[in-house]
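S.K.: Predicted coordinates and the sequence they were generated for:
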Amino acid sequence: MQGPMETIGIKNISFSYDNKTEFFKGLSFTLKKGELVALIGPNGSGKSTFLKLSSGILSPREGEIRVSGSLISKYSPKRRAALVSYLPQIIDLNVPFTVRELASMGLYHGKNSGLSIEEALSITGLSDKALRKVFELSGGERQRAFLAMMLVQGAETLLLDEPLTNLDIKYQLELVNLVKKIVAMKNSSAIVAIHDINLVRRFEKVCVMKDGKIKKIGPPREVLTDDLIKEVFEVSSLDLYGQG
Amino acid sequence: MNRKKIILLVGASVAIILACLFLGGGAISPFTTDPLSKEILFTLRLPRLLTALIVGASLGASGAILQGILRNPLSDPYILGISSGAALSAAMGLVLGITAAGYFSLPLLAFVGAISSCVIVGVLGKKSETFTPERLLLAGIGLGFLFTAILMLLMSLSSDYGVRRTLLWIFGDLSYSGWALMPYGFILSAIGLGVAILRSNALNALALGDEFAHSLGFSPSKERFVFFVAASLMTAVSVTMGGIIGFVGLLIPHAVRFFTGSGARLLLPLSALAGATFLALADAVGKTVISPTEIPSGIITSIIGAPYFIYLIRRHGR
């Protein structure tokens, strides 16, 4: 059973995309309230699949996924949206919504559990861009607009799939700090899939994945050993950080 | 700011619609007591204007829906093969001599063809209980080509005047409008539009992708199916009542977005209003410019629509 402090509890799940080869087998994971976890691993390691399973977009073949105490499959879509919010890696912006229109979508589940639109725009620094089209914004501002929407949505668990991709280092740091601030402010929890191993050290906990398996979880300093980096990413620390 | 724009849009639409009724094809005073003028107004102009409004509203709103659920800004109500299905069904009915329903035979055949096409596209577009935009689009485009090919074959083999006449009607002509189809068309379109407006939040969410919609608390596949049915119903009504009228469903939602933003709660009703007004205006222009010869409304909408569309793309870069 799930403890009171757990927001996501994944137990022994198996998952397959084609019903033939198992992508995940016997995978377990726990996210506690207030935790901010960086999910890291090479391309194809299963980070996105893991987040999609955690948010209920995909369903496991076996095992159970619990969110805030109950099986995720038992929630209605609206109730689920009030508990867990997922930001996909690729979002279609063909329709030119404004920042304000996007932020207001956080209210669609009807529970009114999050911040007001004004508060969310203020925290994400977008108050003066509320009427701008989202696709006109810079990459960093665009991701902040999506975070504003998540703040309005008010879910206690945030799952972000590679939100730092294609951002300059300045915006990457800015976004990580903003996510940390949100988690601390709302006592929520978040899993952020990222690619840049250097940024992992800014998180309190890291979960390393490879080939559909969780290799190690823990504080970055303990987890990211030379041996693990070599095993998972097939590069040495020397390749990563250079000499000295 | 937004409210002013909306009031302006609604006010301009009402003025244009009234002008079309009383000025299009020769001026008639709204206070006329002349029996002939009254006759023209109530038996010719009003049903034709109302038909243009229903057809235009259906096209504008269904275009906005399809651009959202198919996540393709170039989608229009005809992209799913519904119009080709209606044309083929009407032409086949005429070749086979199905006239059992009298005046209603042709519209009924067109409607059955349109709805059958929706069902086939829906079945082909479904994969393991989900409706994806890509599958729906491919199924619709493929089916549209097939129906058009069969229609062409039918035309080349048939010397029947009726088939040619059906084709003229199906390619956008409001001059056969009467009161008989009006209540059915109005009710069906209103149902489609009403359902879509009630679910407008889901349409916004779907426009940003299925995973995003899921995260916001919707079942993407279920919502897409509901919108597909609503848009199909409106398209079927528009093809049955007015034939195939180009550019309204494609252009109007884009033009309305520049007034109101992209939120579907305003976009859907205002696309319906703007589509209705645009088609009423196009029909009035078609009746007037080289009177007494009439230019079919579909030609006018394309002549006005194409340059305006290019202007919008150049001005706004998207």
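M.R.: Yes, it's here. Residues are numbered from 1 along each chain as shown, chains lettered A, B, ... in the order given.
S.K.: can you give me the helices in the stretch 201-318 of chain B?
M.R.: Secondary structure of the stretch 201-318 of chain B (DSSP state H, counting those that start in this stretch): helices at B:210-215, B:220-242, B:248-260, B:264-288, B:297-316.
S.K.: Out of these, which is closest to chain A?
M.R.: helix B:210-215 (4.1 Å; CB to the nearest CB). From N, CA and C alone the C-beta is placed, and that goes for glycine too.
S.K.: Does chain A have contacts with that closest one?
M.R.: Yes. Judged by CB under 8 Å from any CB of the partner chain, helix B:210-215 comes into contact with chain A through B:211-212, B:214-215.
S.K.: list the contacts for B:Gly249?
M.R.: Contacts for B:Gly249 (CB atoms under 8 Å, 6 or more residues apart in numbering or on different chains) come out as B:59-60, B:62-63, B:66, B:76-78, B:235, B:275.
S.K.: What separation is there between it and B:Ile120?
M.R.: B:Gly249 is 20 Å from B:Ile120, where distance means CB to CB, to the nearest Å.
S.K.: gap between the nearest residue to B:Leu206 once chain neighbours are set aside and B:Pro30?
M.R.: Counting by CB to CB, 6 or more residues apart in numbering or on different chains, B:Ala213 is the residue found nearest to B:Leu206 once chain neighbours are left out, at 5.0 Å. Distance of B:Ala213 to B:Pro30, computed by CB to CB: 48 Å.
S.K.: and these two? which has more neighbours close in?
M.R.: Using other CB atoms under 10 Å in any protein chain shown as the criterion, B:Ala213 and B:Pro30 rank with B:Ala213 on top: 26 against 8.
S.K.: isn't that one right next to B:Lys222, touching?
M.R.: No. Under the criterion of CB atoms under 8 Å, B:Ala213 makes no contact with B:Lys222, lying 10.3 Å away.
S.K.: List the residues that contact A:Met185.
M.R.: Contacts of A:Met185 (CB under 8 Å, 6+ apart): A:Ile123.
S.K.: Can I take it that it is in a helix?
M.R.: Yes. Judged by DSSP: H, G, I helix; E, B strand; the rest coil, A:Met185 forms part of a helix.
S.K.: buried stuff in stretch A:193-213?
M.R.: A:193-194, A:197, A:199-200, A:202-203, A:205-210, A:212 (16 or more other CB atoms under 10 Å in any protein chain shown).
S.K.: meant to ask about stretch A:135-144
M.R.: For stretch A:135-144, using 16+ other CB under 10 Å, the buried residues are A:137, A:139-144.
S.K.: In contact with the residue in chain A that chain B sits nearest to, which residues?
M.R.: Here chain A gets closest to chain B at one residue, A:Ala81, 3.1 Å apart by CB to the nearest CB. A:Ala81 sits next to A:108-109, A:153, A:155, B:215-217 when contact means CB under 8 Å, 6+ apart.
S.K.: switch the cut-off to 10 Å
M.R.: A:55-56, A:75, A:106, A:108-111, A:113, A:153-155, B:205, B:213-218 (CB atoms under 10 Å, 6 or more residues apart in numbering or on different chains).
S.K.: With pLDDT added, can I get the buried residues of stretch A:135-144 in a markdown table?
M.R.: As requested, the buried residues of stretch A:135-144 are arranged in a markdown table below (pLDDT from 0 to 100):
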| residue | pLDDT |
| --- | --- |
| A:Leu137 | 92 |
| A:Gly139 | 89 |
| A:Gly140 | 89 |
| A:Glu141 | 92 |
| A:Arg142 | 93 |
| A:Gln143 | 92 |
| A:Arg144 | 93 |
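S.K.: If I look at residue 240, what pLDDT would I see?
M.R.: You didn't pick a chain, so chain A it is. As predicted, A:Leu240 sits at a pLDDT of 69.
S.K.: my question was about chain B
M.R.: Reported pLDDT for B:Thr240: 84.
S.K.: count of neighbours near it?
M.R.: 27.
S.K.: same question, B:Ile7
M.R.: So B:Ile7, with other CB under 10 Å, has 10 neighbours.
S.K.: For chain A, see how far away it is.
M.R.: Per CB to the nearest CB, to the nearest Å, B:Ile7 is found 19 Å from chain A.
S.K.: elements contacting the host helix or strand of that residue?
M.R.: Counting by DSSP states H and E, the element that carries B:Ile7 is helix B:2-23. Packing partners of helix B:2-23 (3 or more CB pairs under 10 Å, 6 or more residues apart in numbering or on different chains; DSSP states H and E): helix B:46-69, helix B:248-260, helix B:264-288.
S.K.: how much does the shortest one deviate in direction from helix B:297-316?
M.R.: It stands for helix B:248-260. Between helix B:248-260 and helix B:297-316, the angle comes out at 40 degrees (axes from the mean of the first three to the mean of the last three CA atoms, to 10 degrees).
S.K.: Who are the contact partners of B:Phe42?
M.R.: Counting by CB under 10 Å, 6+ apart, B:Phe42 has contacts B:Trp179.
S.K.: What is the three-state secondary structure of the nearest residue to A:Gly154 once chain neighbours are set aside?
M.R.: Once flanking residues are discounted, A:Gly154 sits nearest to A:Gly114: 2.4 Å by CB to CB, 6+ apart. Recorded secondary structure, A:Gly114: coil (three-state DSSP).
S.K.: What lies in contact with stretch B:119-139?
M.R.: Residues contacting stretch B:119-139 (CB under 10 Å, 6+ apart): A:92, B:66, B:68-72, B:75, B:79-82, B:85, B:117, B:140-144, B:146-147, B:206, B:209-210, B:219-225, B:227-229, B:232.
S.K.: quick one: average confidence on that stretch?
M.R.: pLDDT averaged over stretch B:119-139 gives 85.
S.K.: And it, end to end?
M.R.: Start to finish, the residues bounding stretch B:119-139 are 11 Å apart (CA to CA, to the nearest Å).
S.K.: Please spell out which residues along it are buried.
M.R.: B:120-122, B:124-126, B:131-133, B:136-137, B:139.
S.K.: from those, which ones fall inside strands?
M.R.: Mapping the buried residues of stretch B:119-139 onto strands (DSSP state E) picks out B:126, B:131.
S.K.: picking that back up, can you narrow the buried residues of stretch A:193-213 to ones near chain B?
M.R.: Counting by CB under 10 Å from any CB of the partner chain, nothing from those sits close to chain B.
S.K.: what's the most distant pair in these?
M.R.: The span of those, defined through CB to CB, is set by A:Arg202 and A:Gly212 at 26.0 Å.
S.K.: Selecting buried members of the contacts of A:Ala81 in PyMOL, what would you type?
M.R.: Buried members of the contacts of A:Ala81 can be picked out in PyMOL with the line below, counting by 16+ other CB under 10 Å:
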select buried, (chain A and resi 55+56+75+106+108+109+111+113+153+154+155) or (chain B and resi 205+213+214+215+216+217+218)
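S.K.: What is the burial count for the nearest residue to B:Ile17 once chain neighbours are set aside?
M.R.: Nearest residue to B:Ile17 in three dimensions, chain neighbours excluded: B:Ala280, at 5.4 Å (CB to CB, 6+ apart). For B:Ala280, the count of nearby residues is 29 (other CB under 10 Å).
S.K.: Does B:Ala280 touch B:Ile16 like I think?
M.R.: Yes. Applying CB atoms under 10 Å, one finds B:Ala280 in contact with B:Ile16, separated by 6.9 Å.
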